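> Okay, predicted coordinates and the sequence, questions at the end:
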Amino acid sequence: MTRVLIVEDDPVIVKSLSDFLEGEGFSCAAASGQARALELFAENEFDIVLLDVSLADGSGFVVCTAMKSMRDTPVIFLTASGDEHSVVTGLELGADDYIAKPFRPRELVSRIRMVMRRAGKSRSVFELGSVRVDTEKGHVTKDGAEVFLSALEYRLLLTLINNRGRVLSRAQLLEHIWDAAGDFVNDNTLTVYIKRLRDKLEDDPQDPTIIKTVRNVGYKLGE
């Protein structure tokens, strides 16, 4: 699970951002100021840092410099300061990306994953028993033979992979995949696509080990 440190002094933003990222399968910790951010960073391993420039306690620029001197963890600046000087300063201090508030949460998730791929910190190949999924190439194989998935089937599989270790309700799955093929997806359609995926990936679709049903809750990726 990708571990994110959010350094932001607005508790409303921290709460909404943490809730959204955790819903996308990330693990979040938060600090409201410079001292606490550096303390958390020194004591824990994070995969990426989301850092506001303007902090009530300290400066995001100082935090970025200090963090980069400890280890090369990717940093994305989140700020309302969209002026060219702030952007240039942040990037010169070693920030990996810069996104201005207000931002769209799904755009931020996309930028996080892009920065992590660029930094070589994003795992792109997953082994699910005899199934191998290469998310960078969009390639799925079973016992070495290519498995052809529709756009919606692939999006469904990626959603489960990105949330491995978590049980996803049918409503959560529908929210993630409804626009994958540009078509409306209802609860019955989800059932059909779960069955299609199992038919293509499972050794025994009647006794699935990859896409497991959690009774009265939803689905999860098998260990």
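Looks like it arrived, so ask away. Residues are numbered from 1 along each chain as shown.
> okay, now the domains of the protein?
As given by automatic domain parsing, the domain ranges for the chain are 3-118, 125-221.
> can you put those domains in TSV and add mean neighbour count?
C-betas here are computed from N, CA, C, even on glycine. Shown next, in TSV, are the domains of the chain (neighbours: other C-beta atoms under 10 Å):
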stretch	mean neighbour count
domain 3-118	17
domain 125-221	15
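> Include mean pLDDT when you put these into JSON lines, please.
Formatted as JSON lines, the domains of the chain follow (pLDDT from 0 to 100):
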{"stretch": "domain 3-118", "mean pLDDT": "85"}
{"stretch": "domain 125-221", "mean pLDDT": "85"}
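> Over to L173. Which of the three states is it?
Three-state assignment for L173 (DSSP: H, G, I helix; E, B strand; the rest coil): helix.
> Might one say that it is in contact with T189?
No: contact criterion C-beta atoms under 8 Å: L173 and T189 do not qualify, at 10.8 Å.
> check contacts around R196.
When contacts are counted by C-beta atoms under 8 Å, 6 or more residues apart in numbering, R196 touches S150, E153.
> what about 10 Å?
R196 sits next to L149, S150, L152, E153, L156, P205 when contact means C-beta atoms under 10 Å, 6 or more residues apart in numbering.
> so which pair among those is furthest apart in space?
L152 and P205 (18.1 Å; C-beta to C-beta).
> What segments of the chain are strands?
Here the chain has its strands, by DSSP state E, at 3-7, 27-31, 48-52, 75-79, 97-100, 125-128, 131-134, 139-142, 145-146, 168-169, 211-214, 218-221.
> Between strand 75-79 and the first one, find me the angle.
With axes from the mean of the first three to the mean of the last three C-alpha atoms, to 10 degrees applied, the angle from strand 3-7 to strand 75-79 works out at 40 degrees.
> For D204, see how far away V62 is.
Separation of V62 from D204 (C-beta to C-beta, to the nearest Å): 57 Å.
> again, but for R196
To D204, R196 is 15 Å away according to C-beta to C-beta.
> same question, G25
Distance, G25 to D204, using C-beta to C-beta: 27 Å.
> Same check on I112?
Going from I112 to D204 by C-beta to C-beta gives 36 Å.
> Ok, I76 next?
Distance from I76 to D204, counting by C-beta to C-beta: 43 Å.
> now E22
From E22 to D204 the distance is 33 Å (C-beta to C-beta).
> Once you drop chain neighbours, what's closest to D10?
D52 (7.9 Å; C-beta to C-beta, 6 or more residues apart in numbering).
> which ones are touching that neighbour?
Counting by C-beta under 10 Å, 6+ apart, D52 touches 6-10, 13-14, 32, 37, 59-60, 63, 77-81, 101.
> now L149
Counted by C-beta under 10 Å, 6+ apart, L149 has contacts V133, G138, V140, R155, L156, L157, L158, Y193, R196, L197, K200, L201.
> Dump these into CSV; add distance to E92 as well.
Conversion of the contacts of L149 to CSV gives the following (distance: C-beta to C-beta, whole Å):
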residue, distance to E92
V133, 38
G138, 35
V140, 41
R155, 38
L156, 42
L157, 40
L158, 35
Y193, 47
R196, 50
L197, 46
K200, 48
L201, 47
